[in-house]
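[1] have a look at this prediction, sequence included:
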Amino acid sequence: MRLGSSSVNITPEGNVSLSGFAARVQPSVGVHDDLVVRALYLEAGSERLLWLHADLIGLTEDFTAAFRRWAGRELGLEERQVFLSATHTHSGPTTVRLAGCGEYDGAYVARLRGRFQQAARAALDAPETVRAFHAEARSELNHHRTSAASFHVDPRVGVLA
């Protein structure tokens, strides 16, 4: 198996509207920790996977579809080989339109496309041969924040090394 990875800073410049705080009217007041997009590229035989995970509340279907088309043209990946996800942070810029939850910033999202592309190219640039290991265990630390244990709680913890 071959693996490539990268990390690219996606922290917006200046104070921006934060996403996910209902009725919040003031923008961010500074940066505590940088936001990043991380890319992981895996290659096993003829199968390939590119996974990008960003410190954002979420990504739109349009953003994801456009990125997958770009990855097909530029990197030779099939749509099913490109996976995008987000941490769902409420302390990041507004990248999806939610009523009362921050002003969508199209200029930031346009710059974000370039940062995702930069992360993807860097991950595919020099993959190394690796041996992969995985394990799964249970953790009783997690809980449903508003009620007793329910189907919303998954006690499984997976590890990939």
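    It's in.

[2] now do the helices in the chain.
    Using DSSP state H, the helices of the chain run over residues 61-75, 106-125.

[3] got the contact list for the shortest one?
    To tie it back to what came earlier, the one meant is helix 61-75. For helix 61-75, the external contacting residues (Cβ atoms under 8 Å, 6 or more residues apart in numbering) are 50, 52, 77-79, 81-82, 84, 95, 109, 112-113, 116-117, 120-121, 124. From N, CA and C alone the C-beta is placed, and that goes for glycine too.

[4] buried subset of these, written for PyMOL?
    Only the buried entries of the contacts of helix 61-75 go into this PyMOL selection, using 16 or more other Cβ atoms under 10 Å:
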select buried, resi 50+52+77+81+82+84+95+109+112+116+117+120+121+124
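
[5] low pLDDT regions in the chain?
    For the chain, the stretches flagged by pLDDT under 70 are 20-24, 143-151.

[6] just grab the bridge partners of Leu49 for me.
    Per DSSP bridges, the residues bridged to Leu49 are Leu42.

[7] kindly report the same for Arg2.
    Bridge pairing for Arg2 (DSSP bridges) gives the partners Glu43, Thr129.

[8] need the helices of the chain in TSV with distance to Pro27, can you?
    Output for the helices of the chain, formatted as TSV (distance: least, Cβ to Cβ, whole Å):
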stretch	distance to Pro27
helix 61-75	22
helix 106-125	12
